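J.: The following block contains a protein sequence and its predicted model.
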Amino acid sequence: MAELMLGNVEESVTDEEIGEFLTRYGFPPFSSIQRIPGAGSRPAALVVFDDVTADGLRTLQPRVHNLFWKGRTITALLLPERDES
């Protein structure tokens, strides 16, 4: 499992739009998305990929980091793997 934090995503953008955006840049389908409200103007989306390793996402992350999308510059950060125990 790997997690990608997309920052500065407009709250009105749907999960489907996020999936289409990521797929356009070569990402596999995501497993789930958790919305994280911003303290002001920078809400985020935590995108979880159950069938992808962190190394796999690490090669894709630069494709969308600092990309201008839907009127905002998106940040994409790969989160460290968490111990699921």
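T.: Structure received.

J.: alpha carbons only for contacts and neighbour counts from here, please
T.: Will do.

J.: What helix or strand is residue 51 located in?
T.: Assigned by DSSP states H and E, residue 51 belongs to no helix or strand.

J.: So what's the residue count around it?
T.: 12 (other C-alpha atoms under 10 Å).

J.: Name the nearest residue to it, ignoring sequence neighbours.
T.: The shortest distance from residue 51 to any non-neighbouring residue, by C-alpha to C-alpha, 6 or more residues apart in numbering, is to residue 1 (5.9 Å).

J.: Spit out the contact partners of that neighbour.
T.: Residue 1 makes contact with 48-54, 81, according to C-alpha atoms under 8 Å, 6 or more residues apart in numbering.

J.: Using pLDDT, spot the least trustworthy of these.
T.: By pLDDT, residue 81 ranks lowest within these, coming in at 77.

J.: Give me the contacts around the lowest-mean-pLDDT helix or strand in the chain.
T.: One helix or strand of the chain scores below all others by mean pLDDT, DSSP states H and E: helix 54-60, with a mean of 93. Here helix 54-60 makes contact (C-alpha under 8 Å, 6+ apart) with 1-4, 25-27, 78, 80-81.

J.: Format those residues as CSV; extra columns: distance to residue 68.
T.: Below are the contacts of helix 54-60 laid out as CSV (distance: C-alpha to C-alpha, whole Å):
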residue, distance to residue 68
1, 27
2, 23
3, 21
4, 17
25, 13
26, 17
27, 17
78, 18
80, 25
81, 27
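
J.: Going by neighbour count, which of the residues you listed comes out on top?
T.: Busiest of those [other C-alpha under 10 Å] is residue 3, holding 24 neighbours.

J.: wait, it sits on residue 47?
T.: Yes: if you go by C-alpha atoms under 8 Å, residue 3 and residue 47 touch, sitting 5.7 Å apart.
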